[in-house]
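Provided below are the primary sequence and the corresponding predicted coordinates.
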Amino acid sequence: MSQVPHAVAADRQTPTIGTAWSTEEGATRAHHLFTEHIGGSPDGVWAAPGRVNIIGEHTDYNNGLCLPIALPHRTYVAARRRDDDKVILVSQLDDSVLTWEGTLEEIAPGSVAGWKAYTGGVAWALRQAGHDLSGFEAALVTCVPLGAGLSSSAAVECGVGLVLADLYDLGLTDSDARRTDLVNAARTAENNVAEAPTGGLDQTASLRTTEGHALLLDCNDWSVRQVPFDLDAVGLELLVIDTRAPHRLVDGQYEARRRACENAARILGVGSLRDVGDLGAAVAALDDEELASRVRHVVTENDRVTQFVKLLDTGRVREVGPLMDASHNSLRDDYEVTCPELDTAVDAARDAGALGARMTGGGFGGCAIALVDRDVRNEVATQVVSSFREAGFAHPEFYVVTPGPAALRVQ
Ligand code: ADP
Ligand code: MG
């Protein structure tokens, strides 16, 4: 993706740390794409972030706790309302510009697929929820890497969702509670139109976060709390390592883990694994090594999120590293969703002085994160690159991220 600051180093041994576009750059690019490919001026430009989960992995579908932040990497949407039912979608990816022209009625499950479903699907979901829309024109640009596990999909769904909410005065941005309705529309678009069976974590992170904070999300009731996460103030950085590992067996394995958790909950007689009180008793009752390991991960991971938040609440952010390490080890040994690239990235980051490191997202590829002192960040990245080279893996990409704002209008 040449328009994304993946900045390829001339010397492939030297890590290059990619930064996100500034708001102005993103808005200008979107505005320009609109003018060039649709014509005239947009009514405005909106931006919606990707996300990275700090801790609380594979807990969402077990009614558990997660702690995502919104990325400074965002999808920018320049858009204009129409009075007829025509829809024009334009998206710039790499050096190619994708375009689609159709009608509102044509955006429906089974009628559109791929990028059109991700970008347009939220219009169908909002109409299903009873909102009155007419056509629209949207030009999208993004600096969220696609398919890396940083939720470029939620960024487009939430970006277009916010566009429609504003263009048609749907009242969905007036409060956090109304934004939850927008989360549901974006999630419905992903599940029903793009046909990707994911939970609502990504869309919640994109729409309900606050700058400088991590979002404590309780998937039992979708309640949230903003937890201060100001790394800059204590000289720390969060380094995202995109392993660029091919996602192997992801779909089947994700489903298998979900089924194992449901199965374990049924055997234990609880509604979800969130309700397991006594881990020792649960392990004994299951009498099945593999199921017990899955349950152990979920129960201990929820506990780690709680401990992590307690540290943040009491200003002890430098002490969270061991919880990140323990999370990764649990995902590797008990939940078995890591892969050699993720384990190598995490081990190398720890060896080079990261305070803590773990895989993030669904696993089997995608990204790892490392919490690092600002002045050892390059050393950590260099060590990861050299470990990848030794193992014969693809060259990893790096991003330094801070908690950005939720989706908003920028122009
Ligand atoms: P992730 O969300 O981790 O980046 P997904 O597979 O869930 O990966 O979503 C990636 C898909 O989302 C892409 O293949 C594409 O169809 C769609 N997508 C994401 N961003 C854009 C964009 N800016 N324009 C068009 N489609 C996009
Ligand atoms: Mg996604």
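Received, thanks. Numbering: from 1, shown residues only. Ligands and ions are numbered 1, 2, ... in the order given.

can you give me the strands for the protein?
For the chain, the strands defined by DSSP state E occupy 17-18, 44-53, 65-66, 68-81, 86-93, 96-103, 136-142, 213-218, 223-228, 236-242, 356-360, 367-373, 397-401, 408-409.

relative to ligand 2, which of the ones you listed is closest?
strand 44-53 (8.6 Å; C-beta to the ion). Quick note: C-beta positions are derived from backbone N, CA and C, even for glycine.

show me what that closest one is packed against.
helix 23-37, strand 68-81, helix 152-167, helix 201-208, strand 408-409 (3 or more C-beta pairs under 8 Å, 6 or more residues apart in numbering; DSSP states H and E).

what residues sit buried inside that strand?
Using 16 or more other C-beta atoms under 10 Å as the test for burial, strand 44-53 gives 44-53.

what do you get for stretch 392-406?
Result for stretch 392-406 [16+ other C-beta under 10 Å]: buried residues 393, 396-406.

need those residues in CSV with distance to ligand 1, can you?
Shown next, in CSV, are those (distance: C-beta to the nearest ligand atom, whole Å):
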residue, distance to ligand 1
393, 19
396, 16
397, 13
398, 17
399, 13
400, 19
401, 15
402, 20
403, 18
404, 16
405, 19
406, 17
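
which of these are close to ligand 2?
When these are checked against ligand 2 using C-beta under 5 Å from the ion, none falls in range.

adding pLDDT, write those out as a markdown table.
Below are the buried residues of stretch 392-406 laid out as a markdown table (pLDDT from 0 to 100):
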| residue | pLDDT |
| --- | --- |
| 393 | 97 |
| 396 | 97 |
| 397 | 96 |
| 398 | 97 |
| 399 | 97 |
| 400 | 96 |
| 401 | 96 |
| 402 | 95 |
| 403 | 96 |
| 404 | 96 |
| 405 | 97 |
| 406 | 98 |
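
what sits against the closest residue to ligand 2 within the stretch 201-350 of the chain?
Nearest residue of the stretch 201-350 of the chain to ligand 2 (C-beta to the ion) works out as residue 202 at 5.9 Å. For residue 202, the contacting residues are 51, 68, 151, 153-154, 190, by C-beta atoms under 8 Å, 6 or more residues apart in numbering.

how about the residues of the stretch 1-150 of the chain by ligand 1?
Applying C-beta under 6 Å from any ligand atom, we find that the stretch 1-150 of the chain lies next to ligand 1 at 75, 91, 93, 114-115, 118-119, 140, 142, 146-150.

which ChimeraX command selects the buried ones in these?
The following ChimeraX line selects those of these that are buried, judged by 16+ other C-beta under 10 Å:
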select :75,91,93,115,118,119,140,142,146,148,149,150
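
how many other residues sit next to the closest residue to residue 351 other than its chain neighbours?
Leaving aside its sequence neighbours, residue 351 sits nearest to residue 383 (C-beta to C-beta, 6 or more residues apart in numbering; 6.2 Å). By other C-beta atoms under 10 Å, the residues close to residue 383 number 21.

biggest helix in this structure by residues?
Ranked by residue count under DSSP state H, the longest helix found in the chain is helix 289-313.

got the angle for it vs strand 356-360?
120 degrees (axes from the mean of the first three to the mean of the last three C-alpha atoms, to 10 degrees).

would you mind checking the average pLDDT for helix 289-313?
For helix 289-313, the mean per-residue pLDDT is 98.

packing partners of that helix?
In terms of contacts (3+ C-beta pairs under 8 Å, 6+ apart), helix 289-313 is packed against strand 65-66, strand 213-218, strand 223-228, helix 250-268, helix 279-286, helix 321-333.

mind doing that once more with 6 Å?
With contacts taken as 3 or more C-beta pairs under 6 Å, 6 or more residues apart in numbering; DSSP states H and E, helix 289-313 sits against helix 250-268, helix 279-286, helix 321-333.
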